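S.K.: Have a look at this fold, sequence not included:
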């Protein structure tokens, strides 16, 4: 895999001839600020900043009409972390749940895209489960994939014992809901050089088989911890064999890939594939290449809740792309923050 050093090189795209250049992509890229709604249809990307809560937009775009499927993505709660970047990560996870419960219509379920805990300790997993039990959804379900902080010391055995019922291999699985096919992938075991994610041959073979019988019109949602697309390899922000996985999904008209790990919102569109990374509920990290290394970032007092948040995703029948709304725990004008010295995650 090519080792890019200039972050600008990693966000130039028009590979699918979708008419979206780097300038257009940057308009649909959010970090440290207001929430953002991005939709793409017919090669036209539109975005809308959200100066208020996620629920304000949910009444007009996502989750408003009959027959729509709406769910919420949360990520990187890091329960057990207690350094300067956030000394009460349980409280901010609880605020994320309150944000979900404030939606005008409850989502069907929650996807947690990994790093539930800081150190894979049983009591940390217990806290995550207890807090998320308070989330109001129509199914009462939370679907998990592990982050690298959830598989320490035991190669993910404890995680699979808690959340892996019905999964295969290292915990990968798929399910269908509301006409959408969901695929949970595990890319945090056997990390490659520099921390790049890895899916492995067995999981890739399973993925190819899993989607083989699906109609090309089936909306696909893939969720995994480390981004499947190449965000910034020098920091391990990408998956070594992600391109192989994505090759199995090229024939589908609508593919949405949801990831965490980098603790900030980045979005990218290539053809019919829509990539999205979520904010953390614990602490932010620097934007790609803007600091000597990734890691927990301390922001000015009063600004933390502007850079933590959740994502609502809605599938509207008849629309080509799923609609995504990123909402910080506390709305604010878009702002850029300089990074403090790196803390060890």
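M.R.: That came through fine. This structure is a prediction, so every number in the text was calculated from the model and none was measured.

S.K.: what's the burial count for residue 131?
M.R.: Look at residue 131: counted by other CB atoms under 10 Å, it has 18 neighbours. In this view, the C-beta of every residue, glycine as well, is placed from N, C-alpha and C.

S.K.: what residues are up against it?
M.R.: Residue 131 makes contact with 90, 93, 94, 97, according to CB atoms under 8 Å, 6 or more residues apart in numbering.

S.K.: so can I have CSV of those showing pLDDT?
M.R.: Converted to CSV, those look like this (pLDDT from 0 to 100):
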residue, pLDDT
90, 98
93, 97
94, 97
97, 96
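
S.K.: how close does residue 311 sit to residue 213?
M.R.: Note on residue 311: its distance to residue 213, by CB to CB, to the nearest Å, is 29 Å.

S.K.: Those two: who's more crowded?
M.R.: Between residue 311 and residue 213, counting by other CB under 10 Å, residue 311 is the more crowded of the two (25 against 7).

S.K.: who's the more buried one bridged to?
M.R.: residue 73, residue 326 (DSSP bridges).

S.K.: ok, back up a step: could you tell me which of the contacts of residue 131 belong to helices?
M.R.: Residues of the contacts of residue 131 located in helices (DSSP state H): 90, 93, 94, 97.

S.K.: most neighbours, which of the residues you listed?
M.R.: Using other CB under 10 Å as the neighbour test, these are led by residue 93, with 24 neighbours.

S.K.: quick one: that residue from residue 79, how far?
M.R.: To residue 79, residue 93 is 7 Å away according to CB to CB.

S.K.: Need the residues touching each of the two.
M.R.: Common neighbours of residue 93 and residue 79, using CB under 8 Å, 6+ apart, are residue 128.

S.K.: what about the helices in the stretch 151-300 of the chain?
M.R.: In chain order, the stretch 151-300 of the chain shows helices spanning 157-163, 201-212, 242-247, with DSSP state H, counting those that start in this stretch as the criterion.

S.K.: Among the ones you listed, which comes closest to residue 178?
M.R.: The stretch from these with the least distance to residue 178 (CB to CB) is helix 201-212; that distance is 17.5 Å.

S.K.: what's the closest one packed up against?
M.R.: Packing partners of helix 201-212 (3 or more CB pairs under 8 Å, 6 or more residues apart in numbering; DSSP states H and E): strand 180-184, helix 242-247.
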